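Asker: sequence first, predicted model second:
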Amino acid sequence: MSNLSLSKIQYLCNQTQILNNVTFDINKSELVCLVGPSGSGKTTLLRLIAGFEKLNSGEIKLNNNIISNNKIHIPTQKRNIGMVFQQPSLFSHLNVRQNIAFGLHKYQKEEREEIINDLLNLIDLKKYENSYPHNLSGGQQQRVAIARSLAPKPEIILLDEPFANLDNKLRRQIALEIVEILKISNIGILMVTHDPEEALIFADKMVLLNSNGEICQSGSPSQIHNHPIDINSAGFFGMINIFPAIIKGNYIESKIGKLLKKDYLPNGKNNAKISIVTRIEGLRITENSGVKAIVTKIIHSGAGSIITANLDDMEINFHHIYGSTPNIGDEVNISFEAPHIFVFED
């Protein structure tokens, strides 16, 4: 059963279309990552769901009850939706226990204390219950912010890049702990992130917006990563190369080389102009085959190097892992490397 349902969401600001026909559902215990380029409307969509902004058209339902459309606008404080931002925004004059208790006025004292104690145990900060925010690490503060959002027992929780300001060294570990806490709570979760790796790790479902505020693809992380439907989807996960190509008989021909048409575009028409898109893992240096390119830049990336090369006045990028690393100015042979290759009709 869907926890949150968005149908044909439209939003304009100063006559500029921010969101266009956005439709998707979030089920209980499901974590949906909302991703896309800056300016695609991700945070705006969270604000519409929370009630900070009003829809132009479309409908938002929470547990089958309408909370927003062109006639109904339930106030934010009556929606029972939790929201966590990049900054924990804790009350500096309140300790951990008091911060968590902030939204629990409607509960009797005994039930309120039980909720707070359960959440302190859940976020593993019982021993810090009397500490103030300035005495906590960034990760601890964010856990308190999560607990405060969970305390009123919301129907759904919205996360706006909640891990963006955490220390890189501990970010992934803290993020994993927080996501586990949220999933135990058995509510739907909608999280905005700019980090493709974060989305791949945490999401049950991804919704990818384009620069026009439209959904260009949605599905499981593996579906979107391994089977992008267009260049925008392919490019979300990092650097890509785009090669003009044409179908000739049984092959797709480009300046890098040929691909078998049956493997990539079996229904493509002869002489059709198409685009071959590769991620940086989709090209490699070969010994005696491929096309020649001149290395112009090398960036060491831990596991190998990201190499930029010039191919007939076209700049290409690829991830080099195996064998010795070439030097700037070297001539190398470049070939396609499956499976990080995608073909799209123009």
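Answerer: Great, that's in hand.
Asker: any idea how far Ala145 is from the closest residue in space to Pro75 that isn't next to it in sequence?
Answerer: Spatial nearest neighbour of Pro75, chain neighbours left out: Gly51 (6.1 Å); criterion: Cβ to Cβ, 6 or more residues apart in numbering. Backbone N, C-alpha and C define where each C-beta goes, glycine included. Relative to Ala145, Gly51 is positioned 19 Å away (Cβ to Cβ, to the nearest Å).
Asker: who's more crowded, those two?
Answerer: Ala145 (25 against 19; other Cβ atoms under 10 Å).
Asker: hmm, back to that, pretty sure the residue nearest to Pro75 sits against Arg79.
Answerer: Yes. Using Cβ atoms under 8 Å, Gly51 is in contact with Arg79, at 5.3 Å.
Asker: where do the contact lists of those two overlap?
Answerer: The contact sets of Gly51 and Arg79 overlap at Ile67 (Cβ atoms under 8 Å, 6 or more residues apart in numbering).
Asker: can you pull out the helices in the stretch 101-250 of the chain?
Answerer: 109-122, 138-150, 168-184, 196-202, 221-226, 231-235 (DSSP state H, counting those that start in this stretch).
Asker: the shortest one packs against which elements?
Answerer: In terms of contacts (3 or more Cβ pairs under 8 Å, 6 or more residues apart in numbering; DSSP states H and E), helix 231-235 is packed against strand 215-219, strand 240-248, strand 273-279, strand 341-345.
Asker: which of the ones you listed sits most buried?
Answerer: strand 273-279 (a mean of 20; mean count of other Cβ atoms under 10 Å).
Asker: by how many degrees do it and strand 240-248 diverge?
Answerer: Between strand 273-279 and strand 240-248, the angle comes out at 140 degrees (axes from the mean of the first three to the mean of the last three Cα atoms, to 10 degrees).
Asker: pull up the pairing partners for whichever helix or strand comes after strand 273-279, direction included.
Answerer: Beyond strand 273-279 in the direction of the C-terminus, DSSP states H and E gives the next helix or strand as strand 283-286. Within its sheet, and counting by DSSP bridges, strand 283-286 is paired with strand 331-336 (antiparallel).
Asker: contact partners of the strand it pairs with?
Answerer: 256-257, 259, 278, 282-295, 309, 311, 316, 318, 326.
Asker: where does the stretch 51-200 of the chain dip in pLDDT?
Answerer: 169 (pLDDT under 70).
Asker: apply 90 and report the result again.
Answerer: Applying pLDDT under 90 to the stretch 51-200 of the chain picks out residues 84-89, 103-108, 122-124, 138-139, 142-143, 161-187, 194-195, 197.
Asker: show me the domain layout of the chain.
Answerer: Under the assignment automatic domain parsing, the domains of the chain span 2-234, 239-345.
Asker: deepest of those, which one?
Answerer: domain 2-234 (a mean of 18).
Asker: residue contacts, Phe318?
Answerer: Contacts of Phe318 by Cβ under 8 Å, 6+ apart are Asn241, Thr278, Ile280, Glu281, Gly282, Leu283, Arg284, Ile285, Ile306, Ile307, Ala309, Ile334.
Asker: and of those, the nearest to Val32?
Answerer: Glu281 (26.6 Å; Cβ to Cβ).
Asker: and for that closest one, nearest residue in space, chain neighbours not counted?
Answerer: His340 (4.3 Å).
Asker: in contact with that neighbour, which residues?
Answerer: His340 neighbours (Cβ under 8 Å, 6+ apart): Thr278, Arg279, Ile280, Glu281, Gly282.
Asker: okay, those residues in a markdown table with pLDDT next?
Answerer: Formatted as a markdown table, those follow (pLDDT from 0 to 100):
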| residue | pLDDT |
| --- | --- |
| Thr278 | 97 |
| Arg279 | 95 |
| Ile280 | 95 |
| Glu281 | 94 |
| Gly282 | 95 |
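Asker: among those residues, which one sits closest to Pro162?
Answerer: Arg279 (27.2 Å).
Asker: quick check: closest non-adjacent residue to that closest one.
Answerer: Nearest one to Arg279, counting by Cβ to Cβ, 6+ apart, is His340 at 4.2 Å.
Asker: give me the distance between the one you found and Ala175.
Answerer: Using Cβ to Cβ, we find His340 at a distance of 26 Å from Ala175.
Asker: same question, Ser289
Answerer: Taken as Cβ to Cβ, the span from Ser289 to Ala175 is 42 Å.
Asker: repeat that for Glu59.
Answerer: With distances taken as Cβ to Cβ, Glu59 is found 32 Å from Ala175.
Asker: kindly confirm my reading that Leu4 is in a strand.
Answerer: Yes. Counting by DSSP: H, G, I helix; E, B strand; the rest coil, Leu4 falls inside a strand.
Asker: partners of it in the sheet?
Answerer: For Leu4, the beta-bridge partners are Ile26, Leu62 (DSSP bridges).
Asker: confirm for me that it is in contact with Ile26.
Answerer: Yes. Taking contacts as Cβ under 8 Å, Leu4 lies within contact range of Ile26: 4.4 Å.
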